[in-house]
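[1] fold the following and give me the result.
(one chain, ligands or ions: 2)
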Amino acid sequence: MGKKYAIGVDYGTESGRAVLVDLSDGTELADHVTPYPHNVIDEQLPESGIKLEMDWALQHPADYITVLQRSIPAVLKESGIDPADVIGLGIDFTACTMLPVDENGRPLCFNPELKDQPHSWLKLWKHHAAQDEANLLNQIAEQRGEAFLPRYGGKISSEWMIAKIWQILNEAPDIYERTDLFLEATDWVIAQMTGNTIRNSCTAGYKSIWHKQDGYPSREFFKALDPRLELLTDTKLRGEVAPLGTKAGGLTEAMAALTGLKAGTAVAVGNVDAHAAVPAVGVVTPGKLVMAMGTSICHMLLGAEEKQVEGMCGVVEDGIIPGYMGYEAGQSAVGDIFAWYVEQGVPAYVEEAANKEGLSVHEWLEHKASAYVPGQTGLLALDWWNGNRSVLVDTDLTGLLVGYTLLTKPEEIYRALLESTAYGTRKIVDAFHNNGVEVQELYACGGLPQKNKLLMQIYADVTNREIKIAASKQTPALGAAMFGAVAAGAANGGYDNIVEAAQQMARIREETFKPIPANVEVYEKLYQEYSKLHDYFGRGANDVMKRLKAIKEEII
Ligand SMILES: Nc1ncnc2c1ncn2[C@@H]1O[C@H](COP(=O)(O)OP(=O)(O)O)[C@@H](O)[C@H]1O
Ligand SMILES: O=C(CO)[C@@H](O)[C@@H](O)COP(=O)(O)O
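    Ligands and ions are numbered 1, 2, ... in the order given. Predicted coordinates for the structure are as follows:
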């Protein structure tokens with residue numbers, strides 16, 4: 001058998017990327033990025049211009065097909081590989097990114113009758129307008145002593161499937177009625193590729209409260225939420241749930257024509273971006289926390305047993321690597337906070353200076369901020385620009401920066417923002433480590449470790465742990481390709497399981513970031529201050545952030 005290849009497609013928040021990989025050693029022969037033509041839809045609907053309410057975030061499902069249409073032919077062309085030698089295809093996605101579809105699997109927002117209704121559209125993971133539903137869901141689950149709650153750190157997030165579905169039912173009952181299935185976007189794209197609608201156990205487990213042994217929560221629970229939801233899991237959430245690496249089917253003739261691949265190429269069931277990244281950095285055992293660092297951060301960790309950890313997004317058996325409990329936690333905004341500052345906060349002179357020096361504003365600020373030592377800015381921030389995912393699980397919290405003076409410089413603010421996200425990660429590391437899920441070392445992948453060395457050094461110093469960096473620039477896509485190879489199977493030149501694929505294909509860089517003792521000492525003090533602010537504003541002592549939001553909502 002000659003050399004065989006797989007393609008992984010990573011669907012991020014703003015773009016989708018394809019990578020074509022050599023299955024013998026994981027070498028990436030070509031990659032290609034397609035920005036979503038409609039990007040994130042958070043102000044008004046396309047065409048109609050209908051205004052969206054606060055905290056909404058939608059996407060256009062057609063953009064995901066555009067990614068396949070543009071990026072797969074591009075990697076085939078760049079690599080010069082014969083499509084017949086591409087034996088497997090896998091995808092990974094942001095999650096919970098979900099959509100309502102009709103009996104033909106067509107998104108409701110494609111229906112001219114419904115497209116002007118915001119709830120017919122696909123809700124992106126960072127759609128945060130279902131917080132009221134999430135709050136009520138958590139209250140009812142707690143009152144009923146639902147066994148699933150501890151598996152999700154005590155709270156179900158408004159980002160996840162059930163809260164989003166409930167918001168649709170409350171605000172657009174007709175859309176709820178017309179929905180045949182609510183699907184994760186990752187499962188919808190796989191259905192488009194193979195003609196087979198099949199749910200993957202990863203998103204079902206982490207985002208839809210599905211459990212390998214117990215299935216979904218009971219009908220009684222859903223009835224207690226709202227009688228109209230009683231049969232939700234038998235109807236609109238129905239369907240087979242398959243483990244990661246399962247072959248969903250072969251590529252259809254239509255998709256083969258669209259992508260340039262062969263019809264029948266093995267396609268793996270869907271996956272989540274952060275979860276796909278774990279085997280791609282070679283992590284297949286406990287003790288190693290993988291951070292997928294981009295717009296947001298997802299923290300992934302394996303454990304031998306099921307433990308209770310405050311604010312984790314979930315623990316799912318086989319949810320990342322078969323044979324282990326897969327733990328997930330996260331921060332809802334990281335790169336997004338830096339982007340906000342660069343776009344909304346810096347004075348014109350910074351942009352001019354960066355342009356003059358041929359640097360991006362991020363690079364210019366990083367360079368300037370590197371001249372400071374920990375504590376020198378006198379600033380401290382709470383990293384809640386997009387709410388708090390772990391450990392507080394509250395999307396109604398907002399950002400805070402303390403310590404400004406008339407002398408405060410833009411690079412100092414930038415540094416304080418970088419540091420605040422590191423403190424947020426430290427909270428998560430401590431929550432796991434102190435509750436019996438050990439964290440010995442950190443692995444980082446995603447866009448940020450490639451872009452910002454200062455950020456990575458701060459993370460090593462704040463967590464007092466060495467950080468290893470993925471060699472791949474497209475780690476989730478590499479992981480998705482590995483699952484594609486598993487779907488193809490060893491008999492066809494792929495692999496029979498993800499651990500074998502990881503042993504052959506995963507790579508990390510030689511360069512690591514090690515904690516610097518003097519920095520660790522100062523950051524320990526600053527982290528204690530962060531923790532005080534965190535608890536004061538985040539645990540009910542002062543709900544000013546929520547009150548401000550409520551006043552704003554009354555006015556809008
Ligand atoms: N030099 C930089 N330092 C820190 N953050 C950066 C830098 N350049 C870009 N970013 C941030 O990186 C984020 C995008 O990360 P990336 O991993 O590429 O995307 P995604 O999260 O969509 O997968 C953006 O939020 C942007 O603000
Ligand atoms: O929540 C998850 C995974 O569970 C992510 O998909 C979400 O944070 C988005 O990730 P990105 O920052 O766009 O890579």
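[2] for the rest of this, base every contact and every neighbour count on C-alpha atoms.
    Noted.
[3] can you list the residues of the stretch 401-550 of the chain near ligand 1?
    Residues of the stretch 401-550 of the chain lying close to ligand 1 by CA under 6 Å from any ligand atom are Gly446, Gly447, Leu448, Lys451, Asn452.
[4] in helices only, show me the residues you listed.
    Mapping those onto helices (DSSP state H) picks out Gly447, Leu448, Lys451.
[5] where does the stretch 1-150 of the chain come near ligand 1, residue by residue?
    Gly12, Thr13, Glu14.
[6] so which of these are also by ligand 2?
    Counting by CA under 6 Å from any ligand atom, the members of those near ligand 2 are Gly12, Thr13.
[7] save the residues of the stretch 1-150 of the chain next to ligand 1 as CSV, and put in secondary structure and pLDDT too.
    Conversion of these to CSV gives the following (DSSP: H, G, I helix; E, B strand; the rest coil; pLDDT from 0 to 100):
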residue, secondary structure, pLDDT
Gly12, coil, 93
Thr13, coil, 91
Glu14, coil, 92
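[8] any part of the lengthiest helix in the chain near ligand 2?
    Secondary structure assigned by DSSP H gives helix 410-433 as the longest helix of the chain. No. Helix 410-433 lies out of reach of ligand 2 by CA under 6 Å from any ligand atom, never closer than 13.2 Å.
[9] would you indicate which residues of that helix are buried?
    Buried residues in helix 410-433, counted by 16 or more other CA atoms under 10 Å: 410-429, 431-432.
[10] what's in contact with that helix?
    Residues outside helix 410-433 that contact it (CA atoms under 8 Å, 6 or more residues apart in numbering): 309-310, 312, 329-331, 334, 337-338, 341, 346-347, 365-366, 368-369, 377, 379-383, 390-391, 438-439, 455, 458-459, 462-463, 527, 530.
[11] skip the chain neighbours and tell me the closest residue to Ala304.
    Nearest residue to Ala304, sequence neighbours excluded (CA to CA, 6 or more residues apart in numbering): Tyr324, at 5.6 Å.
[12] who's in contact with that neighbour?
    Counted by CA under 8 Å, 6+ apart, Tyr324 has contacts Leu302, Gly303, Ala304, Glu305, Glu317, Asp318.
[13] could you look up the SS state of the first one?
    If I follow you right, that is Leu302. Following DSSP: H, G, I helix; E, B strand; the rest coil, the label given to Leu302 is strand.
[14] ok, Glu328 next?
    strand.
[15] what is the burial count for it?
    Other residues within reach of Glu328, judged by other CA atoms under 10 Å, total 28.
[16] for it, name its beta-bridge partners.
    Applying DSSP bridges to Glu328 yields these beta-bridge partners: Met300, Gly314.
[17] circling back: okay if I get the contacts of Tyr324 as a markdown table plus distance to Asn271, neighbour count and pLDDT?
    Shown next, in a markdown table, are these (distance: CA to CA, whole Å; neighbours: other CA atoms under 10 Å; pLDDT from 0 to 100):
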| residue | distance to Asn271 | neighbour count | pLDDT |
| --- | --- | --- | --- |
| Leu302 | 17 | 30 | 97 |
| Gly303 | 20 | 21 | 95 |
| Ala304 | 22 | 14 | 93 |
| Glu305 | 23 | 13 | 92 |
| Glu317 | 15 | 24 | 92 |
| Asp318 | 12 | 19 | 89 |
